[in-house]
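**Q** Have a look; sequence and predicted model below, questions after that.
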Amino acid sequence: MTKILKLLHNWVGFFISLIMLVVLTTGVYLGSVDLLKRFDNKGQDFAEISPKLDHELKAKLAAMALEKYPDASGVKLPTEMFPYVDAYSRQKSVFLTPDFNEIETQVKNKDSLQSWMFWFHRNFQLGDVGKHVNGVSAILTTVIMFVGLYLWWLIRNGFRLKHTLPKTSKNSALIKSHIQLGLFISIPMLIMAISGAYITYGAWGDSTLDDNRQMPVLAQGGDWQGQILAAQKIWPGSELVSVSKPRKVEGDSYIYSLSFNGTNALGLLQTDTIKIDLHTGKLDSAQTFSDKGLAYQLKYSARFLHDGARMSTWYLLMLIVSSIVGTLMVCFALVTFVRKELLSAKKRGNADKVGRAETALR
């Protein structure tokens, strides 16, 4: 059984490693871009103020931004991570100070390097075919990693910390380093692999909240500021992060949403949502993360556990470091596999040919 598992780990791992090399390196780039954005505060300092004043300020800022920039898809409000206002759309972002002075305008380019890297990471620029190749590879990566952990367990007493970084380029040194590095980053790598597969094959779920309560009118119709301020009073202890317009308007309703940083076990951000009909000022729904059902929670969690976008900065940094270490681990495995399995087999084949030729001459 151990011999079969080694063959499985080596040969399947070789082909999966070629895909992992692309996914990990592009992931390092995308994560680093996100990390740099977090350090760019646009020259603004986050000011801690009382909850009541904070609610009034955010409602006012959101209303002003939505009215001044009617083409914006929504408004991101100042937080400790991003202490500025962002009136954004698919085409551009306008950044403003909390005093509503424009800082800069950033035009988004769908042909940018970041956009290209994202889709290369997601599906290798091959559409649905690439997406499924990536998804299946993530599943196989999970299996290969568990096999690798089992094989390490069988010989665990023979490894020391000094084997972590190879001191020579010999196969033995590289493979020991591969095993040690894989052990150190096994948990974050499994998180990225499992969540990546779930992003591809997991399904969004509906809310499990059976909400039969009467939906009140929060403020008069068309009053952005009044409606947003009234909505904040539903969850006075939560932090309002953004206000988003509907992607398409259905009938006479105009349902927009407010995202809040609530409380959940994973520390995910922007998990709680309040929806309001702008035309009537009537509350449409108010759902926390736990109200949205297990399938929704899994899909949402997988998305951000995978890339760290709505996680704490320390978690994003852990993913980046793990991806860098994973790249080294994969490179060491590829080098040793090519040397041992491919080049050695070629040498043996050439030697056999020479032997047969000498025999024929005799």
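**A** Yep, it's here. Predicted model only: the values in this text are computed from it and were never measured. Residues are numbered from 1 along each chain as shown.
**Q** which stretches of this protein form strands?
**A** Secondary structure of the chain (DSSP state E): strands located at 74-76, 85-88, 92-96, 102-107, 239-244, 255-261, 272-277, 282-287.
**Q** Show me the one of these that comes nearest residue 317.
**A** strand 255-261 (19.6 Å; C-beta to C-beta). Glycine gets a C-beta too; all of them are placed from N, C-alpha and C.
**Q** residues making contact with the closest one?
**A** 79, 228, 231-232, 235, 238-246, 269-278, 284 (C-beta atoms under 8 Å, 6 or more residues apart in numbering).
**Q** Isn't residue 139 up against residue 197?
**A** Yes: between residue 139 and residue 197 there is a contact under C-beta atoms under 8 Å: 4.9 Å.
**Q** Compare the two (neighbour count), which wins?
**A** The neighbour comparison of residue 139 against residue 197 (other C-beta atoms under 10 Å) goes to residue 197, with 21 against 17.
**Q** which residues sit in contact with the more buried one?
**A** So residue 197 contacts 135, 138, 139, 142 (C-beta under 8 Å, 6+ apart).
**Q** Pull the number of nearby residues for the closest residue to the last one other than its chain neighbours.
**A** For residue 142, the nearest residue in space outside its immediate sequence neighbours is residue 193; the separation is 4.7 Å by C-beta to C-beta, 6 or more residues apart in numbering. Counted by other C-beta under 10 Å, the residues lying close to residue 193 total 23.
**Q** now do residue 159
**A** For residue 159, using other C-beta under 10 Å, the count is 14.
**Q** I'd assumed residue 180 was in contact with it.
**A** Yes: in this structure residue 159 lies within contact range of residue 180 using C-beta under 8 Å: 6.2 Å.
**Q** shaky segments in the stretch 151-300 of the chain?
**A** For the stretch 151-300 of the chain, applying pLDDT under 70 flags the ranges 206-213.
**Q** phi, psi of the residue nearest to residue 230 when sequence neighbours are not counted?
**A** For residue 230, ignoring the flanking residues on the chain, the nearest one in space by C-beta to C-beta, 6+ apart is residue 218 at 3.7 Å. Note on residue 218: backbone dihedrals following degrees, to the nearest 10 are phi -80, psi -40.
**Q** Where is the longest helix in the protein?
**A** Looking across the chain with DSSP state H, the single longest helix is helix 2-39.
**Q** mind listing what's buried in that one?
**A** 9-10, 13-14, 16-17, 19-21, 23-31, 34 (16 or more other C-beta atoms under 10 Å).
**Q** do stretch 77-90 as well
**A** 77, 78, 79, 82, 83, 84, 85, 86, 87, 88.
**Q** Could you pull up the residues touching the residue most central in space within the chain?
**A** Taking C-alpha atoms, centre = their mean, the centroid of the chain lies closest to residue 307, which sits 1.8 Å from it. Listed by C-beta under 8 Å, 6+ apart, the contact partners of residue 307 are 27, 30, 31, 34, 319.
**Q** so who does the third one touch?
**A** Translated: residue 31. Residue 31 sits in contact with 307, 308, 316, 319, 320, 323, where contact means C-beta under 8 Å, 6+ apart.
**Q** distance of the nearest residue to residue 163 once chain neighbours are set aside from residue 328?
**A** Closest residue to residue 163 apart from its sequence neighbours, by C-beta to C-beta, 6+ apart: residue 176 at 4.1 Å. When distance is defined by C-beta to C-beta, to the nearest Å, residue 176 is 13 Å away from residue 328.
**Q** Those two: which has the busier surroundings?
**A** Higher neighbour count among residue 176 and residue 328: residue 176, with 21 against 17, using other C-beta under 10 Å.
**Q** pretty sure that one contacts residue 159?
**A** Yes: under the criterion of C-beta under 8 Å, residue 176 is in contact with residue 159, at a separation of 6.7 Å.
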